[in-house]
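Participant: give me the fold of what follows.
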Amino acid sequence: MKHKVVEVRNYNFTSQHKLFFDANIWLYLYAPQDPSDPSVPIYSNVFNRVLKAQSQIYIDVLVVSEFINTCARGKWRLTAPRRSFKVFRNSRHFKSIARNIAADVKQIMKHCSQIESNFETLKIDDLLNDYARGNSDFNDQVITEICKSNSLTLITNDSDFKTQEIPILTANSDLL
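Facilitator: Below is the predicted model of the structure:
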């Protein structure tokens, strides 16, 4: 099966669409971003159109974890890069950051249906062998399997998905 990558900017979403947003999309929507990053308004517009069309959005704990950890490490790099991340995470200052990240995840979850990775059914040896070749991110492989097994279309800006055999919507020219 050849992968199908489609430009997302003018895509016509319907209530029949079953979508899986990669962590990078949630980061564009909910994490602090460089105001000059052109991806932020693109994916914000996409998200609004998805909501208006009442498309189904699915999320797995893997994406939630990536979002939380990326946000926490981003705040660490901005505010306390000289301290270790664990020291920063255990500081009094981090408590308000953690509350804000948790509030963002709660907002994300309002738009999503939870889905499982079905770890017990993954062909873990195949995934690890592919990972060992150094050509793929393990989390991306799991996301691909989630999309395959649930007939979901992935919305991502990550060019690492270029070789995956799943339907993808993106604004990333490296994927198109």
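
Participant: pretty sure residue 19 sits in a strand.
Facilitator: Yes. For residue 19, which was evaluated using DSSP: H, G, I helix; E, B strand; the rest coil, the result is membership in a strand.

Participant: ok, it - contacts?
Facilitator: Neighbouring residues of residue 19 by CB atoms under 8 Å, 6 or more residues apart in numbering: 50, 55-58, 152-155, 169. C-beta coordinates here come from the backbone N, C-alpha and C atoms, glycine included.

Participant: in helices, which of the residues you listed fall?
Facilitator: Of the contacts of residue 19, the ones assigned to helices by DSSP state H are residue 50.

Participant: any idea which of the contacts of residue 19 is closest to residue 144?
Facilitator: Top of the list for closeness to residue 144, among those and by CB to CB, is residue 154 at 7.7 Å.

Participant: spell out the secondary structure type for residue 5.
Facilitator: When the structure is reduced to helix, strand and coil (three-state DSSP), residue 5 reads as strand.

Participant: pretty sure it contacts residue 171?
Facilitator: No. Between residue 5 and residue 171 no contact is recorded; they are 10.9 Å apart, counting by CB atoms under 8 Å.

Participant: can you tell me which of the contacts of residue 19 is closest to residue 109?
Facilitator: Top of the list for closeness to residue 109, among those and by CB to CB, is residue 57 at 10.1 Å.

Participant: beta partners of that closest one?
Facilitator: Applying DSSP bridges to residue 57 gives these bridge partners: residue 19.

Participant: distance of residue 92 from residue 6?
Facilitator: 47 Å (CB to CB, to the nearest Å).

Participant: check residue 125 too.
Facilitator: Plainly put, residue 125 is 32 Å away from residue 6 if you go by CB to CB.

Participant: these two: which has the busier surroundings?
Facilitator: Using other CB atoms under 10 Å as the criterion, residue 125 and residue 6 rank with residue 6 on top: 13 against 8.

Participant: so what's the more buried one up against?
Facilitator: Neighbouring residues of residue 6 by CB under 8 Å, 6+ apart: 167-170.

Participant: show me the shaky parts of the protein.
Facilitator: Low-confidence segments of the chain, defined by pLDDT under 70, span residues 1-3.
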